[in-house]
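Trainee: below are the sequence and a predicted model; questions follow.
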Amino acid sequence: MEQTDLVRAIEELKRTSKAVILAHNYQRPEVQDIADFVGDSLAMAQYAAASEANVILVAGVRFMAETVKILAPQKLVLVPDLNAGCPLADTITAEQVLKLKEVHPRAAVVSYVNTSAEVKAVSDICCTSSNAVRVVRSLPHQGIIFVPDRNLGAFVERRVPEKKVFIWDGFCPTHHLVSAEEVAQMKGLHPRAEVVVHPECVPEVQALADFIGSTSQIIGHIADSEKDEFIVGTEEGVMHALRKVAPNKQLYLASPKMVCPNMKKNTLEKVYAALLSRQPQIDLPGEIIDRARRALRAMLEVKP
Ligand code: SF4
């Protein structure tokens, strides 16, 4: 099918099945353009929690679709490709979290949303890269077990020095693909540009940044800024949204290697096939949903 026919067919299926499409900022441009909502993990979770749609197709990776299912268990949650996983989420299991709790029994478990539903089910509260600092500050606990991203954990630790943060050693392979040397080189080429990076980047890259934030925070920062040149250190899919909100600004990806192969598994063809067949669906045990929802709700209740 031609792309325009495919887009038309998807629109028709959305209408007849009362479905909405949520897409992450790292999706292919054509998948973002067909979505009813595009955002980061926190914004997608908030949208799903408030949505009245019967069917939600999540164009992202598996943990994002699981998050939607946990928040809206009565809805049919579809994904374009069940194999779109997250290597960062895969670095920790629920059993490993339980062992950490045995070692630090008085600490609260804060799990980044980039975790499985099972890990969320044994966590006290979740966080995203938008609100991790706020979530940790909101807790009465002195000790924090932070899983699974070591760079986001270190970012939180620097901003909340009054707490003891025990950080899991996971990382996002895509955000590890940009080095401090590469960013420094880009700064040499574009000396007037502001450097904006995601907190999943290594600390040496974060140290060179003028602004550190989630994808939505990066988009908001660049759109609102009076500056007109930016070096962007996050997955390349975000450039599509940035070109829409800041069409007259000069934007440079910090490294052409910053492409998440899992995010790119979702295509328009797979979106169409999933809506048509109502497969693959996300299904989770009720007990996991109930326990994981407590951790996600606790996050959503943290005041902005
Ligand atoms: S960009 Fe990194 S954290 Fe996000 S889905 Fe890909 S591997 Fe996971």
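Mentor: Done, it's in. Numbers count the residues shown, from 1 in each chain.
Trainee: beta partners for the nearest residue to V31 once chain neighbours are set aside?
Mentor: Take V31 and drop its neighbours on the chain: the residue closest to it by C-beta to C-beta, 6 or more residues apart in numbering is A59, 5.0 Å away. C-beta: built from backbone N, CA, C; applies to glycine. Taking DSSP bridges, one finds A23 as the beta-bridge partners of A59.
Trainee: what residues are up against A59?
Mentor: For A59, the residues meeting the contact criterion (C-beta atoms under 8 Å, 6 or more residues apart in numbering) are I21, L22, A23, H24, Q27, V31, A35, V79, P80, N266, V271.
Trainee: let's go with 10 Å and repeat that
Mentor: Remark: with contacts taken as C-beta atoms under 10 Å, 6 or more residues apart in numbering, A59 is in contact with 21-24, 26-28, 31-32, 34-35, 38, 44, 65, 78-81, 84, 263, 265-268, 270-271, 274.
Trainee: please report the distance of I70 from N266.
Mentor: If you measure I70 against N266 using C-beta to C-beta, to the nearest Å, the figure is 20 Å.
Trainee: ok, the two, which is more surrounded?
Mentor: In this view I70 and N266 are compared by other C-beta atoms under 10 Å, and I70 has more residues nearby, 28 against 25.
Trainee: show me the contacts for the more buried one.
Mentor: When contacts are taken as C-beta under 10 Å, 6+ apart, I70 is in contact with 45, 48-49, 77, 117, 120-121, 126, 282, 284, 288-297.
Trainee: hmm, back to that, mind listing which of the contacts of A59 are in strands?
Mentor: Among the contacts of A59, DSSP state E puts I21, L22, A23, H24, V38, L78 in strands.
Trainee: show me what the last one is bridged to.
Mentor: Taking DSSP bridges as the rule, L78 bridges to L57, Q281.
Trainee: list the contacts for it?
Mentor: Under the criterion of C-beta under 10 Å, 6+ apart, the neighbours of L78 are 17, 19, 21, 55-59, 65, 68, 271, 273-275, 277-282.
Trainee: ok, back up a step: most neighbours among the ones in strands among the contacts of A59, please name it.
Mentor: Top of the ones in strands among the contacts of A59 by neighbour number is A23, holding 28 neighbours under the definition other C-beta under 10 Å.
Trainee: center of this structure - which residue?
Mentor: With distances taken as C-alpha atoms, centre = their mean, S41 lies nearest the centre of the chain, 3.9 Å away.
Trainee: what about the closest residue to P80 other than its chain neighbours, how many neighbours?
Mentor: Ranked by C-beta to C-beta, 6+ apart and with sequence neighbours excluded, the top spatial neighbour of P80 is K270, at 3.6 Å. When neighbours are defined as other C-beta under 10 Å, K270 has 18 of them.
Trainee: in three-state terms, label the residue of the stretch 201-304 of the chain at minimum distance from the ligand for me.
Mentor: When you check the stretch 201-304 of the chain against the ligand by C-beta to the nearest ligand atom, the closest residue turns out to be C260, at 3.3 Å. Secondary structure for C260, judged by DSSP: H, G, I helix; E, B strand; the rest coil, is coil.
Trainee: show me where the stretch 201-304 of the chain has its helices.
Mentor: In the stretch 201-304 of the chain, the segments counted as helices under DSSP state H, counting those that start in this stretch are 203-206, 215-224, 238-245, 268-277, 286-300.
Trainee: returning to that earlier point: for E229, see how far away the residue nearest to the centre of the chain is.
Mentor: Between S41 and E229 the distance, using C-beta to C-beta, works out to 28 Å.
Trainee: average pLDDT across stretch 89-101?
Mentor: For stretch 89-101, the mean pLDDT works out to 98.
Trainee: how about the residues of the stretch 51-200 of the chain near the ligand?
Mentor: With C-beta under 6 Å from any ligand atom as the criterion, the stretch 51-200 of the chain comes near the ligand at residues V61, C86, P87, L88, N114, C172, P173, T174, H175.
Trainee: need the max-distance pair from these.
Mentor: Between any two of those, the greatest separation by C-beta to C-beta is 13.9 Å, found for V61 and H175.
Trainee: any common contacting residues for those two?
Mentor: A shared contact of V61 and H175, defined by C-beta under 10 Å, 6+ apart, is any residue touching both; here these are L88, C260.
Trainee: first-to-last residue distance for stretch 28-43?
Mentor: Taking C-alpha to C-alpha, to the nearest Å, stretch 28-43 runs 18 Å from one end to the other.
Trainee: which of the residues of the stretch 51-200 of the chain next to the ligand are buried?
Mentor: In those, burial by neighbour count holds for V61, C86, P87, L88, N114, C172, T174, H175, counting by 16 or more other C-beta atoms under 10 Å.
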